[in-house]
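Engineer: I'll drop the sequence and a predicted model, then ask my questions.
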Amino acid sequence: MGTRTLVCLGGGPAGLFLARLLRRADPSWQVTLYERDAPGSTFGFGIGLGWRAAAALAEGDRDTGRRITEAGVVGHGISLRHRGADVRWGPRGGTAVARAVLLDILREQALAAGVTIEYGVAADLSEVHADVIVAADGAH
C-alpha cells in the first residue's frame, strides 16, 4: 500500500487545526492544505473562545492551546449594541485572540507537524485526488 493522502480545502482556523491534528494522529499520511488567499489575508478582527472551547482546544493539542492562550486576552467580555440597547456578557473565562494572530499560530503549528500548505491555490474539488478530502471552506 502506498502513501495515504489527505487534502484539506480551506486554510482558516478549522482547516489549519484539523490538518495539524490529523497529521499528528498518523504521521504516515501526506496531509496537504489548499488556501485560495495569501498567508495573512483574513477578514474579521478577532475570535473569542469561551472557556469550554479553549479547554477542548487544549485537550486536542496542548502546545497549540498554550500558544493561543498566551497570544490572547484571557477573561474577556463582549459588548454588542442591538436595537439601540447595549448588551454585555462577561468578563468570563476564555480567551480572545486577533484572527490574524490565530491564523499565524495555527499555520506555524500545522507546518511543524509536517502539513504541506499551498497558498494562492483555489483548488477545485474535481481536480483534487486524495484518499480523504476535507472541505473546510467556511461559508463557501
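Structural biologist: All right, it came through fine. Note that this is a predicted model, so its numbers are computed, not measured.
Engineer: residue ranges for the strands of this protein, please.
Structural biologist: Under the criterion DSSP state E, the chain carries strands at the ranges 5-9, 30-35, 46-49, 73-74, 78-82, 85-89, 95-98, 116-119, 132-135.
Engineer: what's the residue lying farthest from the centre of the chain in contact with, if anything?
Structural biologist: Using CA atoms, centre = their mean, the residue of the chain lying farthest from its centre is Gly84. It sits 33.8 Å away. By CB atoms under 8 Å, 6 or more residues apart in numbering, the contact list for Gly84 is empty. Where C-beta positions appear, they are placed from N, C-alpha and C, glycine not excepted.
Engineer: In JSON lines, list the strands of the chain along with distance to Leu16.
Structural biologist: Formatted as JSON lines, the strands of the chain follow (distance: least, CB to CB, whole Å):
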{"stretch": "strand 5-9", "distance to Leu16": "8"}
{"stretch": "strand 30-35", "distance to Leu16": "7"}
{"stretch": "strand 46-49", "distance to Leu16": "13"}
{"stretch": "strand 73-74", "distance to Leu16": "21"}
{"stretch": "strand 78-82", "distance to Leu16": "24"}
{"stretch": "strand 85-89", "distance to Leu16": "27"}
{"stretch": "strand 95-98", "distance to Leu16": "14"}
{"stretch": "strand 116-119", "distance to Leu16": "8"}
{"stretch": "strand 132-135", "distance to Leu16": "11"}
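Engineer: among the ones you listed, which is the most enclosed?
Structural biologist: strand 30-35 (a mean of 23; mean count of other CB atoms under 10 Å).
Engineer: who does that strand touch, helix- and strand-wise?
Structural biologist: Judged by 3 or more CB pairs under 8 Å, 6 or more residues apart in numbering; DSSP states H and E, the packing partners of strand 30-35 are strand 5-9, helix 13-25, strand 116-119.
Engineer: can you state the direction angle for that strand and helix 13-25?
Structural biologist: Computed by axes from the mean of the first three to the mean of the last three CA atoms, to 10 degrees, the angle separating strand 30-35 from helix 13-25 equals 170 degrees.
Engineer: Let me see the mean pLDDT of strand 30-35.
Structural biologist: Strand 30-35 carries an average pLDDT of 96.
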